[in-house]
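Asks: 3D, please:
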Amino acid sequence: MIFLFLTASFMGSYAEEAFSVRLNEPFRIHADAPEPKTGGGDFYIVRISPADGMTAKESIPDSTVIFSKTGIYRITATVMHMMKSSCGGMETEVFSEKVFSITVSE
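Replies: Predicted coordinates:
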């Protein structure tokens, strides 16, 4: 089985970018994030806004989105900085975010 990937990369916040992919073709999103601090309690996660007709496998640095329906999708990929305190609390902040307009055809 051969996989062809269309890749988008981001770090920080930039204007929306447009891409075209074929139905069921993997669309890879590369998100840069700093290394977590030694000792734990500080890490980064990526979240991709859900949409009907798509599935996402989210991870840092590469996430993959596959579209099962044709159409135009507007998705947002957000890298969150997660910080856990010694008291058991959790703080989050947006590290970077990118909006993608993706046209999916057969």
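
Asks: what's near enough to touch the residue nearest in space to the middle of the chain?
Replies: The chain has residue 77 as the residue nearest its centroid, 3.9 Å off, counting by C-alpha atoms, centre = their mean. Listed by C-beta atoms under 8 Å, 6 or more residues apart in numbering, the contact set of residue 77 reads 10, 29, 31, 46, 47, 48, 49, 63, 97, 98, 100. All C-beta spots, glycine's among them, are computed from the backbone N, C-alpha and C.

Asks: can you give me the strands for this structure?
Replies: Ranges of strands within the chain are 6-10, 17-22, 27-31, 42-48, 54-57, 62-67, 71-84, 90-105, based on DSSP state E.

Asks: quick one: strands adjacent to the second one?
Replies: Based on DSSP bridges, the pairing partners of strand 17-22 within the sheet are strand 90-105 (parallel).

Asks: pLDDT averaged over the partner strand - what is it?
Replies: Average pLDDT, strand 90-105: 90.

Asks: tell me how far that strand is from the chain's mean position?
Replies: 6 Å (C-alpha atoms, centre = their mean, to the nearest Å).

Asks: Stretch 21-37 now?
Replies: How far stretch 21-37 lies from its chain's middle: 5 Å, per C-alpha atoms, centre = their mean.
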